[in-house]
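Visitor: only geometry, no sequence info:
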């Protein structure tokens, strides 16, 4: 297998794009990435998306976006793993290049959520969970996460306030990300007084839905220098799954798939968690940030909120997370989020994250979660120029 | 890249499975394939599906089916390319093994269509076409194909009757396929008198919707003998795309993506079209059978219906097609169809197609079409034992 590097990145602002369709959003991110990489062709296109059928009446995004981007004819396909769809598309792009079959490959994640009617969207998001055993009882996706958070608070004797640091950190970083959906800081007081959605999850525990697209260009590491001197290498790539339904897990508060996929990715990269300069985790809800930190081995079980309380997760902390706002402030266009994480990690590793820059970032990890932990995809990226 | 072989196949009957969910259908095909291959594990699962969100309120089929099949934890993902979703999943499985990353890989295609309300299903199927430029005008998927057939009849001066042979041949072969949705022959007279759906397409030009699942197990060719002595090698694999909307093509009667992907696959296999012993083509409508034969170079432009009139496409003909009933009689569970084609091709190459056996079949081609030709995926399989 060949080593693979990222040679170009692109993204649209995350927000409400009522004037743009899926093809336009996908194209904007893709074109930016191709210009960034100085390529005008590609061997294949992998599209990450979850809800295009439900929200836009449109399947078949591979051919759609390839054609609209001026790449008619190339191999193109959509990859779906609920909210982990974009990292799943990135993973297939990685395998395509690593295999030797494809040289220049595009991965783009795209989602449109904000001009859809609310009921369809809530039902669509719930399709990430088990339709027959969870959703049938009336559980929405936020309700599922509320059950997890409730249980977590009970088991480990923590309060909602202990999660505040995750939201505060994300919004503080979002201020400096021109593509973030929210670019305003929040206060501890506003976090505590935020509107309840599903007890104990409030508006400020939950990431916002959004429209957006993010894209990267991959090629074999040994060819990367022909295109750019700022290539970022993929050092680890792993996917693991778990039961769709939370009640089928031995321990609902342990993200088995996060543990397995992060261990595999770290093993492939031959590094320890402490070697990482930052971690773009999947803070769809504050509870998921805590569970992710525990399951990946950064903190002990039950202590997932601790790093949020003493500055460890800040840009100059021991393990910076959600450095450009995370799902919470940058926004969570579900099928695109995994590639926003990758794009932001590449910015950090290139040293172009501006006010959000993590000092001397060389090694970063991204983790994209589908459902309440049923598909977890971890990547490790390195600037080894 | 490594050579890849198919070591196990499985399928459910194609029909109305109102008592089974997506997980059950997928599992039945997958389990049969694993037993056929004598494997009890897998490194990865690729699921082909188009409409689970719309018809079952369920996304995230990778993790869902992996877990239900007793493979919790493994890498799993869904791949979608409209009606070509199953061949697209097979293609990703092929790349995964060829790359050296994965050894034993499962591809399963699954679809549930018959216990959904009709309006949702018609809208869902139309999402294979361009929502913004085709479907918005009220075009359903069958209407789009009716326009193509109408144009074909006008351009080449043929009549609906000229297409009869495709339906007659498919139904004649379906009689001997215990998994076919329709196991009764039709007559020329019944074809001519069939109920009109969208002029000139009648019930007997169109393939039926259905529930079903089909699966295969892949592994490196050099390891195949450890599992079975009846492995079938993948000699060619190619995907090409085209514009989603028919009106954007230079020639609406030419399947550019069929031409490109079949040429690529034949080139990879280093064979000529005349070397093929049979061709499992995508006869979603009789017109698509004719267009496919022309675009792949089996007959001249405008003469696509000719092989249907003189026995060339029969089991003992020059180029047998739809040997186990095709989409027309076996049925068309859209996101599973591409893997039914592969499973049936493997049966032919193993010599286990019973009354449908093509004499001395060694080399076969399968072709799965998404939309009205926007994604076309071609595979060439060989028995070189």
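Guide: Alright, I've got the coordinates. Predicted, not measured: the structure shown is a model, and the values here were computed from it. Numbering: from 1, shown residues only, chains lettered A, B, ... in the order given.
Visitor: how about the residues of the stretch 251-385 of chain A that lie near chain B?
Guide: A:256, A:257, A:260, A:370, A:371, A:374, A:375 (Cβ under 8 Å from any Cβ of the partner chain). Every C-beta, even on glycine, is put in place using the N, C-alpha and C of the backbone.
Visitor: run the last query once more with 7 Å
Guide: A:260, A:370, A:371, A:374, A:375 (Cβ under 7 Å from any Cβ of the partner chain).
Visitor: Adding neighbour count and secondary structure as columns, could you present those in JSON lines?
Guide: Shown next, in JSON lines, are those (neighbours: other Cβ atoms under 10 Å in any protein chain shown; DSSP: H, G, I helix; E, B strand; the rest coil):
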{"residue": "A:260", "neighbour count": "21", "secondary structure": "helix"}
{"residue": "A:370", "neighbour count": "33", "secondary structure": "strand"}
{"residue": "A:371", "neighbour count": "31", "secondary structure": "coil"}
{"residue": "A:374", "neighbour count": "34", "secondary structure": "coil"}
{"residue": "A:375", "neighbour count": "33", "secondary structure": "strand"}
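Visitor: Need the max-distance pair from these.
Guide: Largest separation among those by Cβ to Cβ: A:260 and A:371, giving 15.4 Å.
Visitor: And the strands in the stretch 151-300 of chain A?
Guide: A:196-198, A:201-202, A:212-220, A:232-241, A:278-280 (DSSP state E, counting those that start in this stretch).
Visitor: wait, which of those strands is closest to residue A:342?
Guide: Using Cβ to Cβ, these put strand A:212-220 closest to residue A:342, at 5.7 Å.
Visitor: And that closest one, how far out from the chain middle?
Guide: Its chain's C-alpha centre and that of strand A:212-220 lie 13 Å apart, by Cα atoms, centre = their mean, to the nearest Å.
Visitor: returning to what we had before: return the most buried member of the strands of the stretch 151-300 of chain A.
Guide: Highest mean neighbour count among the strands of the stretch 151-300 of chain A (mean count of other Cβ atoms under 10 Å in any protein chain shown): strand A:212-220, with a mean of 30.
Visitor: can you list contacts of stretch A:21-33?
Guide: Stretch A:21-33 is contacted from outside by A:8-12, A:17, A:47, A:52, A:56, A:58, A:61, A:64-65, A:68-69, A:106, A:108, A:110, A:112, A:211-217, B:132, using Cβ atoms under 7 Å, 6 or more residues apart in numbering or on different chains.
Visitor: Now with 6 Å, please.
Guide: A:8-12, A:52, A:56, A:64-65, A:68-69, A:106, A:108, A:110, A:112, A:213-217, B:132 (Cβ atoms under 6 Å, 6 or more residues apart in numbering or on different chains).
Visitor: Show me what residue of chain A gets nearest to chain B.
Guide: Closest approach between chain A and chain B, counting by Cβ to the nearest Cβ: residue A:99, at 3.3 Å.
Visitor: related to what we said a few turns ago, dump the strands of the stretch 151-300 of chain A to TSV, plus mean pLDDT and distance to residue B:309.
Guide: Compiled in TSV, these are given as follows (pLDDT from 0 to 100; distance: least, Cβ to Cβ, whole Å):
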stretch	mean pLDDT	distance to residue B:309
strand A:196-198	97	64
strand A:201-202	98	66
strand A:212-220	98	49
strand A:232-241	98	50
strand A:278-280	98	61
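Visitor: can you list those in CSV and add distance to residue B:310?
Guide: Shown next, in CSV, are the strands of the stretch 151-300 of chain A (distance: least, Cβ to Cβ, whole Å):
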stretch, distance to residue B:310
strand A:196-198, 67
strand A:201-202, 68
strand A:212-220, 50
strand A:232-241, 51
strand A:278-280, 63
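Visitor: Got the phi and psi for residue A:326?
Guide: Taking degrees, to the nearest 10, you get phi 60, psi -170 for the backbone angles of residue A:326.
Visitor: Quick one, grab the pLDDT at the most centrally placed residue in chain A.
Guide: Taking Cα atoms, centre = their mean, the centroid of chain A lies closest to residue A:338, which sits 3.0 Å from it. On pLDDT, residue A:338 comes in at 98.
Visitor: what comes into contact with the helix or strand where it lies?
Guide: Assigned by DSSP states H and E, residue A:338 belongs to helix A:337-350. Helix A:337-350 has contacts (Cβ under 6 Å, 6+ apart) with A:6, A:9, A:11, A:84, A:86-87, A:90, A:109, A:214, A:216, A:230, A:232, A:278, A:280, A:324, A:353, A:358, A:361, A:364, A:366, A:368, A:381, A:383.
Visitor: what's the angle from that helix to strand A:212-220?
Guide: 60 degrees (axes from the mean of the first three to the mean of the last three Cα atoms, to 10 degrees).
Visitor: for residue A:194, what are its contacts?
Guide: Residue A:194 touches A:202, A:203, A:204, counting by Cβ under 6 Å, 6+ apart.
Visitor: so how far is residue A:187 from it?
Guide: Between residue A:194 and residue A:187 the distance is 11 Å, computed by Cβ to Cβ, to the nearest Å.
Visitor: ok, back up a step: please state the offset of the helix holding residue A:338 from the chain centre?
Guide: 9 Å.
Visitor: what do you get for stretch A:276-290?
Guide: Counting by Cα atoms, centre = their mean, stretch A:276-290 comes out at 9 Å from the chain centroid.
Visitor: Surely residue A:367 forms part of a strand?
Guide: Yes. According to DSSP: H, G, I helix; E, B strand; the rest coil, residue A:367 belongs to a strand.
Visitor: Just give the number of residues close to it.
Guide: 28 (other Cβ atoms under 10 Å in any protein chain shown).
Visitor: And for residue A:350?
Guide: So residue A:350, with other Cβ under 10 Å, has 18 neighbours.
Visitor: Quick one: residues contacting residue A:312.
Guide: Counted by Cβ under 6 Å, 6+ apart, residue A:312 has contacts A:318, A:319.
Visitor: residues contacting the residue nearest to the residue of chain A closest to chain B when sequence neighbours are not counted?
Guide: Using Cβ to Cβ, 6 or more residues apart in numbering or on different chains and skipping residues adjacent in sequence, the residue nearest residue A:99 is residue B:99, 3.3 Å away. Residue B:99 makes contact with A:1, A:95, A:98, A:99, according to Cβ under 6 Å, 6+ apart.
Visitor: can you check residue A:106 too?
Guide: When contacts are counted by Cβ under 6 Å, 6+ apart, residue A:106 touches A:30, A:42, A:45, A:217.
Visitor: Give me the subset of those that lies in helices.
Guide: Applying DSSP state H to the contacts of residue A:106, the entries found in helices are residue A:30.
Visitor: and the contacts of residue A:106, which two are the farthest apart?
Guide: The widest separation within the contacts of residue A:106 (Cβ to Cβ) is 10.4 Å, between A:45 and A:217.
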